[in-house]
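Undergrad: The sequence isn't on hand, but the structure is:
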């Protein structure tokens, strides 16, 4: 195959188009803001985001640090994976934990998913951004994840209290992003806005991007809670009297705090299997996320309060 | 679901990727108000294509109050309810983006609200779309609002208009009813310039001609809506224009390396290409095209790359790297079409920040302003100012020269936004028409004055093209006849030459004269 053909094919592939657009967005952030940071939540979207950042600034390094807001309830395999990636890529990784929340003993089991997410995730993120003085945070949210996200801009502004005002969003025609901040404002930027779950997996497959092993099916100990399969990742998950964890062949479609993330029965052990399963799935992605069920339009409310 | 790769023997990775790597991307905008059934049509499209997840169908059945029963009792519009704030407070209906993919394509749909006060959302969605899906209710026919949407889409460079005439089931699948609306639209569309028109009779409720061919309308031989979306040419217009790239960021990882990062906004680039850095005008050549995938021998529109140059020229963010043989316009005065989205009005003397490509400058509205009246087929009318959601034509004065192209040539290097200096909000979308002739504001004022219509009536270019083709055909015939009669090639050629010159001019004026005569038009 000659070079011409290769180029023409590359040009018609929509994954290349998505990649180029995301790189363009990241470069705009770096050019237009003073102290950007990339939020890293260890999941598949973050894996893609990180990969794109490495590409966007090649042959240089991404000119921003990577921030993980650790709720202390992540799967153990996620934390191992995070540290390994940081080491392999030589990342400038900042891990922030809301120590106030830890002192109060906040957790999803004792305090419920809503309070836990608010204190450890939302407030944790706000603390970290304020502490380091980041004026822009690049995140891996996609518009296809949730109805409220379908209407969020790529450059999404937060006021000094990190609140999102859906009524005051700036139009984003063409590729012209207005990154001018009013006093105290910061920006969340979502370069993966136009990607879908399937796009993310296809891209991971094509680019051979490492992901947390929890995405692949394997026999794991789970208990069923209200129709959701929760993995017993450590001894902090209290078992009901007579409840015995069952070993099932499961994997995860999305990853969060382990007591809040439902597993799915699966035999997908490779990226190809995952793509096929995603194509074949008759259910939407976040169906197994407990926190999204905290009442109607819960994501929208969390976002207004400063959740990613 | 039909998207699954069926061949179990194929090597997993390649088979999975092959299927998707060859998909193209189409961005389109769907316009129409709720009563025309836009949400229902999009919902039906996804449902019939097998793209609505089961849990959402279940929710839909619950919401519709139809746990069982045939599909046409489902209200597909409920698949797309938006922000809670919108539902509860009935505030501004916002633009939403939806995504779906079939075997052939990935689609990004800008789902735009129809009402006039939300036109800014529609304009934003149309700015990146290659196709506009316009909905017409078969019962009510072509409305003012549909004309407005078509005018905005065409102004913003959308090349393909697909007119879906919905609720065909209610008018008894009448061919005559469909034909009447198509005729009305085609008459009006003379105004729209170079756009491709497609008319499809559909019923979102019953699913006719959305994904599946209608049995009730065997008189219709065109594509279904999905077929049209899957096959329309999605290549950006600027792929055939000269090379352009706005410098986003200068990469300096080491003291020796200096790379210019950007997304290619037009044409192609190869190493060795002679380029000019604009607005400064320094010339040099492309040394290498660098990406994380390696050094490329060629790159084209839409690709994010890093370019190195053979000489150390002074280029920075905001500059345009352009093909030296066909550079962009450099000026500090531009004529532009402005779509005003601000709270107040846009008036002569107004000062704003402008973001044009990656460049920023201060801009002043130098006037005069002409309103592009969307309620009157985009007729140009003198105006004191522009109100929110109005299109107009005016002159911009910048505090420094910038490089740009006419919007009709290149959507990326020809577009800008205006930013309010106090609120920092994006208050206008702008489309470059061209540079204002230097030091002769009167001339351009005159130029704007002269025009009475945004798109021309019909286009002079079109008359010219028709004249050329007609003349070529005629002249070949003249030569053949003259040669047959005289038997002298020289004489025949002389006759033909004289005839070409005289009749060319005659035909052109004849066409222009007829363009002014309303008699005999439908």
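TA: Sure thing, it's come through. All figures in this text were calculated on a predicted structure; none of them were measured in a lab.
Undergrad: going forward, measure contacts and count neighbours with C-alpha atoms only.
TA: OK.
Undergrad: Okay, now the unreliable bits of the chain?
TA: Since no chain was named, I'll use chain A. Within chain A, the set of residues satisfying pLDDT under 70 comprises A:1-12, A:282-308.
Undergrad: try chain B instead
TA: If you take pLDDT under 70 as the line, chain B has these spans: B:1-16, B:33-35, B:64-73, B:80-93, B:238, B:437-467, B:504, B:515-522.
Undergrad: bridging residues for residue B:25?
TA: Here residue B:25 sits in beta bridges with residue B:106, as judged by DSSP bridges.
Undergrad: Check which helices and strands the top helix by length along chain A sits against.
TA: Criterion DSSP state H: the longest helix present in chain A is helix A:14-32. Judged by 3 or more CA pairs under 8 Å, 6 or more residues apart in numbering or on different chains; DSSP states H and E, the packing partners of helix A:14-32 are helix A:44-56, strand B:24-31, strand B:249-251, strand B:259-266, strand B:304-309.
Undergrad: closest to residue A:167 out of these?
TA: strand B:24-31 (21.0 Å; CA to CA).
Undergrad: Which elements pack onto that closest one?
TA: Judged by 3+ CA pairs under 8 Å, 6+ apart, strand B:24-31 is in contact with helix A:14-32, strand B:105-112, helix B:119-127, strand B:131-137.
Undergrad: among these, which is nearest residue B:53?
TA: Across these, the minimum distance to residue B:53, taken as CA to CA, is reached by strand B:105-112, at 17.0 Å.
Undergrad: Helices of the stretch 101-250 of chain A, start to end?
TA: For the stretch 101-250 of chain A, the helices defined by DSSP state H, counting those that start in this stretch occupy A:108-116, A:124-132, A:197-207.
Undergrad: Could you give the number of residues near residue 25?
TA: Since no chain was named, I'll use chain A. Per other CA atoms under 10 Å in any protein chain shown, the neighbour tally for residue A:25 reads 25.
Undergrad: ah, I was thinking of chain B
TA: Counted with other CA under 10 Å, the neighbours of residue B:25 add up to 22.
Undergrad: Quickly note the distance from residue B:297 to residue B:290.
TA: Distance, residue B:297 to residue B:290, using CA to CA, to the nearest Å: 9 Å.
Undergrad: what about those two, which has more around it?
TA: Using other CA under 10 Å, the more surrounded residue of residue B:297 and residue B:290 is residue B:290, with 21 against 14.
Undergrad: Is the next helix-or-strand element following the longest helix of chain A positioned near chain B?
TA: Using DSSP states H and E, the next helix or strand after helix A:14-32 towards the C-terminus is strand A:36-39. No. Strand A:36-39 stays out of contact with chain B when judged by CA under 8 Å from any CA of the partner chain, the minimum separation being 14.6 Å.
Undergrad: before we move on, the earlier item: which residues make contact with the longest helix of chain A from outside it?
TA: Helix A:14-32 has contacts (CA atoms under 8 Å, 6 or more residues apart in numbering or on different chains) with A:10-11, A:36, A:52-53, A:55-57, A:63, A:136, A:138, A:179, A:189, A:191-192, A:194-195, A:199, A:203, B:21-25, B:106, B:248-249, B:261-263, B:302-304.
Undergrad: Longest strand in the chain, please.
TA: Reading this off chain A. The residue-count maximum for a strand in chain A (DSSP state E) belongs to strand A:218-225.
Undergrad: Let me rephrase: I mean chain B.
TA: strand B:390-404.
Undergrad: Tell me the gap between it and the middle of its chain.
TA: The chain centre lies 20 Å from the centre of strand B:390-404; the measure is CA atoms, centre = their mean, to the nearest Å.
Undergrad: Quick check: what element follows that strand along the chain?
TA: Counting by DSSP H and E, the next helix or strand C-terminal to strand B:390-404 is strand B:415-419.
Undergrad: closest one to chain B among the helices of the stretch 101-250 of chain A?
TA: Taking CA to the nearest CA, helix A:197-207 is the member of those nearest to chain B, at 7.0 Å.
Undergrad: Show residues contacting the closest one.
TA: Residues outside helix A:197-207 that contact it (CA under 8 Å, 6+ apart): A:15, A:44-45, A:48, A:144, A:210, A:271-272, A:274-275, A:278-279, A:285, B:13, B:17, B:20.
Undergrad: what's the angle between the helix or strand harbouring residue B:434 and strand B:415-419?
TA: Using DSSP H and E, residue B:434 sits in strand B:426-435. Orientation check (axes from the mean of the first three to the mean of the last three CA atoms, to 10 degrees): strand B:426-435 against strand B:415-419 gives 140 degrees.
Undergrad: Which other helices and strands does strand B:426-435 contact?
TA: Judged by 3+ CA pairs under 8 Å, 6+ apart, the packing partners of strand B:426-435 are strand B:329-340, strand B:415-419.
Undergrad: buried residues in stretch A:24-38?
TA: For stretch A:24-38, burial by neighbour count (16 or more other CA atoms under 10 Å in any protein chain shown) applies to A:24-33, A:35-38.
Undergrad: try stretch B:48-68
TA: Under the neighbour-count criterion of 16+ other CA under 10 Å, stretch B:48-68 has B:49-53, B:56-57, B:60-61 buried.
Undergrad: Likewise for stretch A:239-251?
TA: Buried residues in stretch A:239-251, counted by 16+ other CA under 10 Å: A:248-251.
Undergrad: Sounds good, over and out.
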